[in-house]
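[1] give the three-dimensional model of this entry:
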Amino acid sequence: MNELILLPGDVFLTRGNGFIPAAIRFFSRGFGEKRTIVNHVGMIVEKGTLQDCVAIEVSYKVWKRKLWEDYGPPAKSSVAVYRPKNLSAPELEIIVSTAEEQVDKIYGFLKILAHILDWMFFGVYFFRRLFRNNKYPICSWLVAHAFSKAGKDFGVDPGAAQPDDIWDFIQNNPEKYDLVYPLGSLWEKAGD
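    Numbering: from 1, shown residues only. Coordinates of the predicted model:
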């Protein structure tokens, strides 16, 4: 059996367990919208297997480390990986370098508050505009911002992007994204 190789620019989305992931999914669901599937997003920046590829994501700060460190055993989060079909080599280089510029920045906790406030006002993009301080990223902004630097988007302004927006865009644009790994446990499917 061929081993799965993830590539720079691959987008991974996760569905975590527990209160905080559930709250993120609740507050990122628009009124009248279907149930939110994912609560977190990141990006692969160095080619490798599920165990060896390097990702960038935001939790308490922006991390660059092996995807397996967070989502291998005994992690219970589900992970899906999608590969953009419409990137040239120069665009890919811009996206990866833009994401890498964010490494070690501190998490944007006020941006989460802005997302909640906008949700309370039926999803208007008002408070997120006020909190547009890019020194403090959140996961969805990091990915949307990196792609925007190469002229790509997920159907929303990077400051308004939520993991659910990125998921919905990818699901609704199969001509732009290939499913590489379906939503599920990395380590159970990898046979570890």
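
[2] for the rest of this, base every contact and every neighbour count on C-alpha atoms.
    OK.

[3] now the strands for the chain?
    Assigned by DSSP state E, the strands in the chain fall at 5-6, 11-15, 40-46, 48-49, 54-58, 62-66, 78-84, 177-184.

[4] these: which one's closest to A99?
    strand 54-58 (7.1 Å; C-alpha to C-alpha).

[5] what sits against the closest residue to S185 other than its chain neighbours?
    The shortest distance from S185 to any non-neighbouring residue, by C-alpha to C-alpha, 6 or more residues apart in numbering, is to S78 (4.8 Å). Contact partners of S78, counting by C-alpha atoms under 8 Å, 6 or more residues apart in numbering, are 14-16, 183-186.

[6] just give me the closest of these to M43.
    After measuring those against M43 - C-alpha to C-alpha - the closest member comes out as T14, at 11.2 Å.

[7] ok, now how distant is that closest one from E91?
    To E91, T14 is 25 Å away according to C-alpha to C-alpha, to the nearest Å.

[8] ok, back up a step: which of the contacts of S78 has the weakest pLDDT?
    In terms of pLDDT, G16 ranks lowest among the contacts of S78, with 82.

[9] still on that earlier bit, save the strands of the chain as JSON lines, and put in distance to V143 too.
    As requested, the strands of the chain are arranged in JSON lines below (distance: least, C-alpha to C-alpha, whole Å):
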{"stretch": "strand 5-6", "distance to V143": "16"}
{"stretch": "strand 11-15", "distance to V143": "8"}
{"stretch": "strand 40-46", "distance to V143": "6"}
{"stretch": "strand 48-49", "distance to V143": "19"}
{"stretch": "strand 54-58", "distance to V143": "8"}
{"stretch": "strand 62-66", "distance to V143": "11"}
{"stretch": "strand 78-84", "distance to V143": "12"}
{"stretch": "strand 177-184", "distance to V143": "15"}
